[in-house]
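**Student:** what's the 3D shape of this:
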Amino acid sequence: MRILILGGSGFVGRVLAAEAVAAGHQVTVFNRGQRDPVPGVTTLVGDRLADPDFGPGTWDAVIDTWSAEASAVGTAAAALSGRAGHFTYVSSRSVYLWPGTARMTEDAPLAPLDDPGYAGDKLRGERAASAFGGPVMFARAGLILGPHEDVGRLPWWLDRLHRGGPTLAPGPRDLPLQYIDVRDLALFILATAGVEGAFNLVSPSGHTTMGELLETAAEVTGGRAELRWTDPEAILAAGVEPWTDLPIWLPPGEGHDFMHRGDVSKAVAAGLRCRPIRETVEDTWAWRRSLPGAAPKRTDRPRVGLDPQVEAKLLGIS
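**Tutor:** Next comes the predicted model:
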């Protein structure tokens with residue numbers, strides 16, 4: 001296929017471009033040209049917030065990874081109408097109405113369209129994509145992990161566990177997690193070019209657990225960490241924020257069910273396959289170790305990671 005990726009140099013877009021090139025597709029990326037491109041792609045340099053010029057080309061599929069102001073999605077979709085066979089917008093499971101219910105399918109109620117936050121941006125992005133005028137697929141991803149992650153969730157855990165010593169491990173140990181390796185997300189999107197509609201794109205709930213994730217990560221990073229499993233009540237009483245102070249983790253309850261118990265049967269039936277957590281951890285750690293300094297972090301996402309002093313106090317370490 002001839003594929004145009006809007007983005008293509010950060011996290012999801014970069015991996016999409018790399019997987020598409022590896023599969024033999026002809027890949028063009030459109031971005032501001034501020035990062036090194038994936039080898040084998042054609043780069044169109046431009047600013048989608050201004051007046052994007054996609055040149056004279058036509059494509060079989062367009063993939064848009066934009067996550068901010070939805071007008072940029074609409075502008076691109078309208079400009080590419082009639083010039084591509086299919087449009088995929090990488091959306092989010094955040095578009096569902098909070099608090100929602102466990103096992104939410106793609107037909108679950110959606111957030112208000114005027115929601116001022118991330119959920120609203122993604123939902124308005126879905127609406128704006130209709131300007132494409134052809135078949136559109138919404139890839140409603142959940143927690144995305146893997147090499148090149150620029151939010152910092154799994155990289156923070158890997159760095160912390162590599163540092164070693166007594167390490168706060170948020171319980172319960174058997175807490176089910178739901179996430180998707182960025183490469184599995186990319187492969188599904190590439191394989192479903194031409195398919196319309198929304199798909200929840202995360203692993204089945206319980207694909208891994210908090211225990212398996214941290215124990216695997218502790219082993220992979222050198223076996224230096226002594227995991228000390230701590231009850232959620234003690235963590236919350238100390239003022240620790242789930243998801244940000246302790247990335248990935250949410251205590252049992254509405255928030256956890258919303259993020260980690262979604263229904264993915266539609267995507268699985270359409271071919272979604274999820275690799276084991278060990279492969280995600282090992283490959284992310286290999287990528288992390290290849291970097292000359294700190295892992296890249298997006299400036300439009302909250303800082304993640306627990307203050308070492310707060311951790312020591314919770315663990316009773318002077």
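**Student:** State the distance from Gly253 to Val95.
**Tutor:** Taking Cβ to Cβ, to the nearest Å as the measure, Gly253 falls 21 Å from Val95. Bear in mind the C-beta positions are built from the backbone N, C-alpha and C, glycine included.
**Student:** How about Arg35?
**Tutor:** Applying Cβ to Cβ, the value for Arg35 to Val95 is 28 Å.
**Student:** Of these two, which one has the most company?
**Tutor:** Val95 (23 against 12; other Cβ atoms under 10 Å).
**Student:** Could you find the closest non-adjacent residue to the more buried one?
**Tutor:** Computed as Cβ to Cβ, 6 or more residues apart in numbering, the closest residue to Val95 that is not its neighbour in sequence is Leu123, at 4.5 Å.
**Student:** Any idea how far the helix or strand hosting the one you found is from the middle of the chain?
**Tutor:** Here Leu123, judged by DSSP states H and E, is contained in helix 118-128. How far helix 118-128 lies from its chain's middle: 16 Å, per Cα atoms, centre = their mean, to the nearest Å.
**Student:** Tell me the buried residues in that helix?
**Tutor:** Buried residues in helix 118-128, counted by 16 or more other Cβ atoms under 10 Å: Tyr118, Ala119, Gly120, Asp121, Lys122, Leu123, Arg124, Gly125, Glu126, Ala128.
**Student:** can you check stretch 125-142 too?
**Tutor:** Burial within stretch 125-142, assessed by neighbour count using 16+ other Cβ under 10 Å, is assigned to 125-126, 128-129, 131-132, 134-142.
**Student:** Tell me the one of these nearest Gly40?
**Tutor:** Closest approach to Gly40 among the buried residues of stretch 125-142 (Cβ to Cβ): Ala139, at 22.7 Å.
**Student:** Assumed the closest one was part of a strand.
**Tutor:** Yes: per DSSP: H, G, I helix; E, B strand; the rest coil, Ala139 lies within a strand segment.
**Student:** What residues does it make contact with?
**Tutor:** Counting by Cβ atoms under 8 Å, 6 or more residues apart in numbering, Ala139 makes contact with Thr88, Tyr89, Val90, Ser91, Leu185, Phe188, Ile189, Phe199, Leu201.
**Student:** Quickly find the element holding the second one.
**Tutor:** Element membership of Tyr89 [criterion: DSSP H and E] is strand 87-92.
**Student:** which other residues reach that strand?
**Tutor:** 12, 61-67, 73, 77, 80, 118-119, 122-123, 125-126, 129, 132, 134-142, 185, 189, 192-193, 198.
**Student:** Within its sheet, name the partner strands of that strand and how each one runs.
**Tutor:** If you go by DSSP bridges, strand 87-92 pairs up with strand 61-64 (parallel), strand 136-141 (parallel).
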